[in-house]
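Asks: I would like to see how this sequence folds:
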Amino acid sequence: MRPSNERVYWKTSEETLPRPELEALQLARLKQTAARVYERVPLYRQKFEQAKVKPNDILSLADLRRLPFTTGADLRESYPTGMLAVPLDETLRLHTSSGTTGKPKALFFSAKDVDNAAELIARSFVATGMNRGDIFQNMMTYGLFTGALVAHYGAEKIGCLVIPAGPGNSERQLLLMQDFRSTSIHLTPSFALYFADVLEKRGINPRKDLSLKRAFVGAEPYTEETRRKIEQGLGVRVFNSYGLSEMNGPGVAFECQAQNGMHLWEDYFLMEIINPETGEVLPVGEPGELVLTTLLREAMPILRYRTRDITAIREEPCSCGRTHRRIERITGRADDMLIVRGVNIYPQQIERVLMSIPKLGRNYLIQLDGLDEMTVKVELSEAGFDGELEHVVALQKEIASLLKAEILTTPRIDLVPPGTLPISEGKAKRVIDNRKL
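Replies: Modelled structure (predicted):
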């Protein structure tokens with residue numbers, strides 16, 4: 001039996017700092033970061049000069065707002081090494097963004113950055129109840145994507161046995177779970193849904209036949225309804241997480257066992273919520289685009305980075321005792337919004353409806369054709385439908401009505417047999433836009 005010590009990364013001095021002390025620490029680290037990038041990164045010297053601000057002018061956290069935002073375009077235009085704040089020979093690791101078009105974003109880590117990223121995900125895992133006695137099966141993609149490697153290092157910091165399974169190959173994943181009694185898994189929501197289908201078809205009851213306790217699900221936005229489907233299908237507690245490669249990877253914010261929002265680790269990051277259209281900073285509690293500033297990055301500090309992710313800040317106390325404020329689950333990305341017949345639609349609105357209907361399966365696709373014709377293709381569940389034509393028509397009408405109430409337009413509903421739609425073992429592609437310009 002592996003020894004257990006679930007508080008190995010429950011660091012009270014850092015995670016329960018009184019608010020005034022935490023903000024004083026943030027300000028000290030912000031000043032250091034501002035001076036560092038002003039001196040070493042041409043892009044930031046230009047931004048400071050554009051705003052007529054010097055690092056010494058930052059006397060409060062609010063003074064950060066005097067600086068322009070950093071965008072993904074800034075990172076791409078600085079490719080490959082324009083954002084470095086250290087000589088290249090002082091970097092230890094390179095990751096790139098998972099963008100599909102144009103230049104990638106080159107994201108450098110020093111040795112300290114690598115250790116800090118692992119520290120944060122270790123802190124996050126322990127907040128969910130994971131400890132040294134757990135077996136961690138990492139089902140994310142290893143490579144230039146940060147998610148798998150950072151989580152791997154963090155689990156090893158706790159002392160877990162780590163199985164670097166990578167994505168896909170469901171038969172092998174199942175064999176590893178059975179043979180080594182995996183307790184914690186890390187995977188995308190789309191693959192989690194698919195793997196739940198695999199277990200169902202194999203007649204495996206995960207609560208009786210497997211040792212799984214928790215799943216860390218990330219890399220794609222997903223709804224609360226999807227979380228419940230994954231929990232039912234895999235027999236686990238699903239913990240919501242948030243991260244992005246530009247900010248060290250997957251340990252930026254994480255749910256604790258209270259599952260009441262994701263604690264964003266504020267000793268490492270400053271957060272703001274802005275109106276994505278105007279850039280105006282919004283009051284706490286109001287939803288908008290998340291903007292993040294790194295406070296301890298050595299190789300590549302980033303100020304006021306527009307993540308494009310939509311969320312809101314929650315500042316009421318958490319029952320776990322941690323004082324770092326929380327963010328709501330990500331409801332979508334500002335650049336993922338679809339405009340159909342003049343209506344603004346986020347794919348997650350459609351997912352929320354589909355995942356709430358028991359007769360539907362776990363896989364769906366949104367297709368846009370012609371000028372503004374939307375078709376929602378969704379698989380039927382294995383056991384929830386009898387195949388009668390009149391029942392198909394009735395279910396189509398029910399789905400169309402529920403979607404119209406949610407997205408204010410009526411799509412065509414295409415119900416397909418289980419296993420018909422493409423399977424995603426990595427990040428799912430849920431929208432196919434074939435519209436003519």
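Asks: Ser170 and Tyr194 touch, don't they?
Replies: Yes. Using C-beta atoms under 8 Å, Ser170 is in contact with Tyr194, at 7.5 Å. (Each C-beta comes from the backbone N, C-alpha and C, glycine too.)
Asks: neighbour count: the two, which is higher?
Replies: Per other C-beta atoms under 10 Å, whichever of Ser170 and Tyr194 has more neighbours is Tyr194, with 21 against 17.
Asks: direction included, what does the helix or strand harbouring Leu415 pair up with?
Replies: Using DSSP states H and E, Leu415 falls within strand 412-416. Here strand 412-416 has these sheet partners by DSSP bridges: strand 373-380 (parallel).
Asks: what residues sit buried inside the strand it pairs with?
Replies: For strand 373-380, the neighbour count (16 or more other C-beta atoms under 10 Å) marks 374, 376-380 as buried.
Asks: give the rounded mean pLDDT of that strand.
Replies: Average pLDDT, strand 373-380: 89.
Asks: can you pull out the strands in the stretch 301-437 of the chain?
Replies: Counting by DSSP state E, counting those that start in this stretch, the stretch 301-437 of the chain has strands at residues 305-311, 313-314, 326-327, 332-333, 338-340, 343-345, 360-369, 373-380, 412-416, 431-433.
Asks: dump the ones you listed into JSON lines; add distance to Phe254 as well.
Replies: Output for those, formatted as JSON lines (distance: least, C-beta to C-beta, whole Å):
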{"stretch": "strand 305-311", "distance to Phe254": "14"}
{"stretch": "strand 313-314", "distance to Phe254": "14"}
{"stretch": "strand 326-327", "distance to Phe254": "10"}
{"stretch": "strand 332-333", "distance to Phe254": "19"}
{"stretch": "strand 338-340", "distance to Phe254": "29"}
{"stretch": "strand 343-345", "distance to Phe254": "29"}
{"stretch": "strand 360-369", "distance to Phe254": "24"}
{"stretch": "strand 373-380", "distance to Phe254": "31"}
{"stretch": "strand 412-416", "distance to Phe254": "36"}
{"stretch": "strand 431-433", "distance to Phe254": "27"}
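Asks: which SS class is Arg172?
Replies: State at Arg172, reduced to three classes by DSSP: H, G, I helix; E, B strand; the rest coil: helix.
Asks: tell me the confidence at it?
Replies: Confidence score, pLDDT, at Arg172: 95.
Asks: okay, now it: neighbour count?
Replies: Arg172: 11 neighbours (other C-beta under 10 Å).
Asks: so how far is Ala148 from it?
Replies: The gap separating Arg172 from Ala148 is 16 Å, by C-beta to C-beta, to the nearest Å.
Asks: same thing with Asn260?
Replies: Where Ala148 is concerned, Asn260 sits at a distance of 27 Å (C-beta to C-beta).
Asks: more neighbours: these two, which one.
Replies: Ala148 (23 against 14).
Asks: and what about that one, helix, strand or coil?
Replies: helix.
Asks: need the contact list for Leu403.
Replies: Residues in contact with Leu403 (C-beta atoms under 8 Å, 6 or more residues apart in numbering) are 350, 353, 376, 410-411, 413.
Asks: model confidence score at it, please.
Replies: Per-residue confidence for Leu403 comes out at a pLDDT of 88.
Asks: what do you get for Gly72?
Replies: 91.
Asks: and Thr96, how many neighbours does it have?
Replies: Based on other C-beta under 10 Å, the number of other residues close to Thr96 is 17.
Asks: quick check: bridge partners of it?
Replies: Under the criterion used here (DSSP bridges), Thr96 is bridged to Ala106.
Asks: quick check: it touching Thr146?
Replies: No. Under the criterion of C-beta under 8 Å, Thr96 makes no contact with Thr146, lying 9.3 Å away.
Asks: intersection of neighbour lists for the two?
Replies: Contacts common to Thr96 and Thr146, judged by C-beta under 8 Å, 6+ apart, are 107, 245.
Asks: dump the contacts of Leu403 to TSV, plus distance to Glu315.
Replies: Shown next, in TSV, are those (distance: C-beta to C-beta, whole Å):
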residue	distance to Glu315
Ile350	31
Val353	31
Val376	37
Thr410	39
Pro411	38
Ile413	41
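Asks: tell me the most packed of those, by neighbour count.
Replies: Ile350 leads these on contacts (other C-beta under 10 Å) with 25 neighbours.
Asks: not counting its neighbours along the chain, what's nearest the residue nearest the centre of the chain?
Replies: Most central in the chain under C-alpha atoms, centre = their mean is Tyr242, positioned 3.6 Å from the mean C-alpha point. Excluding its sequence neighbours, the residue lying closest to Tyr242 (C-beta to C-beta, 6 or more residues apart in numbering) is Ala253, at 4.1 Å.
Asks: element containing the one you found, please.
Replies: Going by DSSP H and E, Ala253 is part of strand 249-255.
Asks: quick check: buried residues in that strand?
Replies: 249-255.
Asks: coming back round to it: closest one to Glu231 out of the contacts of Leu403, please.
Replies: Nearest to Glu231 out of these is Val353 (C-beta to C-beta; 18.7 Å).
Asks: I'd say the closest one and Ile399 touch.
Replies: Yes. Contact criterion C-beta under 8 Å: Val353 and Ile399 qualify, at 7.2 Å.
Asks: about what we covered before: show me what contacts the residue nearest to Tyr242?
Replies: When the contact criterion is C-beta under 8 Å, 6+ apart, the partners of Ala253 are 241-243, 262-265, 326-327.
Asks: now Leu354
Replies: 225, 360, 364, 376, 378, 399.
Asks: got TSV for the residues you listed, with distance to Leu296 too?
Replies: Formatted as TSV, those follow (distance: C-beta to C-beta, whole Å):
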residue	distance to Leu296
Glu225	36
Leu360	45
Tyr364	40
Val376	44
Val378	44
Ile399	47
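Asks: quickly check those for the two that are furthest apart.
Replies: Glu225 and Val376 (14.9 Å).
Asks: helices of the stretch 1-150 of the chain, start to end?
Replies: 12-15, 19-40, 42-51, 72-77, 111-127, 146-158 (DSSP state H, counting those that start in this stretch).
Asks: buried set for the shortest one?
Replies: So that's helix 12-15. 14-15.
Asks: can you list the buried residues of strand 249-255 in a markdown table and add distance to Gly129?
Replies: Formatted as a markdown table, the buried residues of strand 249-255 follow (distance: C-beta to C-beta, whole Å):
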| residue | distance to Gly129 |
| --- | --- |
| Gly249 | 21 |
| Pro250 | 18 |
| Gly251 | 16 |
| Val252 | 20 |
| Ala253 | 17 |
| Phe254 | 12 |
| Glu255 | 11 |
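Asks: please report how far the nearest residue to Ala34 once chain neighbours are set aside lies from Thr12.
Replies: Spatial nearest neighbour of Ala34, chain neighbours left out: Pro55 (4.2 Å); criterion: C-beta to C-beta, 6+ apart. Pro55 sits 32 Å away from Thr12, going by C-beta to C-beta.
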